[in-house]
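[1] here are the coordinates; sequence isn't available:
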């Protein structure tokens, strides 16, 4: 139990951050992180840190698919009802636009690019990244480099740029 | 100025070097090359710049987490039942077990229980309406238990006459069996079809009807009329 607690303390914040960046929903991120730890208890993998993130990435992908459908419904509803605008300060506006821009940029990436970038930022080794996206470890470096360039190009071109088409998109 | 190596490292090595993912001998070789090759150094710096720029952008998507609260949620046991419910549940379990044991004991050991069980005969489809195979098995079980009672002295065989045409359906192959069970205060009458030709009630016969009646004051008498319990038609 003590080792699990240490692992939890070490990995949980990064896991939630990864999932939040991936899904944009803090509650859902925390729920999936918990689910990943529960599965860890059942499976007892050899390398739990990487395993946790790989499982979380898979769970996030499934959740994203479900939420995409729900989000489309919500957008339609909002358009019908008319969204209520809350006045915001300039700083808030800038910040919200920045966050929305990064989210939009990530959203336009392929699933593989997005997962690679976000998992790398949580400190996963190339080996774990390879396991997460199902490629050889030797392919990770060029894939990461291209994913970074795509994201930066998206951010530069803005929210109305066309989505980047990739082989895995 | 040292001369650059003729072999420039591939992009993947430069990326891995920037990510600190290049193993030692290869990392040393690439770093040596970068010392001497401006072009590769610029490439490596651009790749590292991309990595840093992405990291900077992703920092806009931060989220605060309460790790200790989350740990509590994870480590919390399933909601416990109220304390009062535990002895109550235990008592109920013991009661159910005791009741089950008592029923088993009565059904298997006590003639009273066996005869009480006979009252359910009319509702037993396996004895009344089932195909012959199932009916035969049920009849055999019934007859075996009844004869066992007579062998152990719990029932007294009063009469077992065979064979006549009691049911009016043809040959003289019907028998009448009567027994008393003093402890239970009742008499039992069985009309059977001597299917196995032993000319007495035996486990290979078919039960046509079963009736029981209370014993009169004088133990051993066969009172009448009997109360019919079951009529079967397995023929």
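    Yep, it's here. Please read these numbers as outputs of a predicted model, since none were measured by experiment. Numbers count the residues shown, from 1 in each chain, chains lettered A, B, ... in the order given.

[2] spatially nearest residue to residue B:206, not counting backbone neighbours?
    residue B:193 (4.1 Å; Cβ to Cβ, 6 or more residues apart in numbering or on different chains). Every residue, glycine included, has its C-beta placed from N, CA and C.

[3] and the contacts of the helix or strand containing residue A:41?
    Per DSSP states H and E: residue A:41 is located in helix A:26-43. The contact list for helix A:26-43 (Cβ atoms under 8 Å, 6 or more residues apart in numbering or on different chains) reads A:4, A:7-8, A:12, A:15-17, A:19-20, A:22-23, A:48, A:51-52, A:55-56, A:59-60, A:63, A:67, B:63, B:65, B:70, B:73-74.

[4] write out the residues of chain A neighbouring chain B.
    Those residues of chain A that sit near chain B, judged by Cβ under 8 Å from any Cβ of the partner chain, are A:1, A:5, A:8-9, A:12-13, A:16-17, A:20-21, A:26, A:29-30, A:33-34, A:37-38, A:95, A:98-99, A:102-103, A:105, A:117-118, A:120-121, A:125-126, A:138, A:140-142, A:144-145, A:148-149, A:151-152, A:155.

[5] please, a PyMOL command that selects the buried ones among the residues you listed?
    Buried residues within the residues of chain A next to chain B, by 16 or more other Cβ atoms under 10 Å in any protein chain shown, are selected in PyMOL with:
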select buried, chain A and resi 8+12+13+16+17+20+21+29+30+33+34+37+102+105+117+118+120+121+125+126+140+141+144+145+148+149+151+152+155
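
[6] quick one: the helices in the chain?
    Went with chain A since none was named. A:2-23, A:26-43, A:48-81, A:90-107, A:111-121, A:126-133, A:140-157 (DSSP state H).

[7] I was thinking of chain B, sorry if that wasn't clear
    Going by DSSP H, chain B shows helices at B:11-18, B:24-36, B:38-58, B:67-75, B:85-109, B:111-118, B:125-128, B:132-151.

[8] per-stretch mean pLDDT over the ones you listed, give me the minimum one.
    Lowest mean pLDDT within the helices of chain B: helix B:125-128, a mean of 38.

[9] now, of the contacts of helix A:26-43, which are buried?
    A:8, A:12, A:15-17, A:19-20, A:22-23, A:48, A:51-52, A:55-56, A:59-60, A:63, A:67, B:63, B:65, B:70, B:74.

[10] around chain A, pick out the residues from chain B.
    Residues of chain B lying near chain A (Cβ under 8 Å from any Cβ): B:11-13, B:15-16, B:19, B:21, B:47, B:50-51, B:53-55, B:57-58, B:60-63, B:65, B:67, B:70-71, B:73-75.

[11] from those residues, list just the buried residues.
    B:11-13, B:15-16, B:19, B:21, B:47, B:50-51, B:54, B:57-58, B:61, B:63, B:65, B:70-71, B:74.

[12] coming back round to it: most packed of the helices of chain B?
    helix B:11-18 (a mean of 22; mean count of other Cβ atoms under 10 Å in any protein chain shown).

[13] how is the chain carved up into domains?
    Picking chain A for this. A:1-84, A:88-169 (automatic domain parsing).

[14] ah, I was thinking of chain B
    Split by automatic domain parsing, chain B gives B:11-58, B:111-231.

[15] residues touching the residue lying closest to residue B:53 once chain neighbours are set aside, list them.
    Closest residue to residue B:53 apart from its sequence neighbours, by Cβ to Cβ, 6+ apart: residue A:152 at 5.7 Å. Residues near residue A:152 by Cβ under 8 Å, 6+ apart: B:50, B:53-54, B:57.

[16] go again using 10 Å as the cut-off
    Residue A:152 sits next to A:105, B:49-50, B:53-54, B:57 when contact means Cβ atoms under 10 Å, 6 or more residues apart in numbering or on different chains.

[17] I'd like to know which of those is nearest to residue B:204.
    Proximity of the contacts of residue A:152 to residue B:204 was ranked by Cβ to Cβ; the top entry is residue A:105 with 87.3 Å.

[18] separation between that closest one and residue B:62?
    Residue A:105 sits 16 Å away from residue B:62, going by Cβ to Cβ, to the nearest Å.
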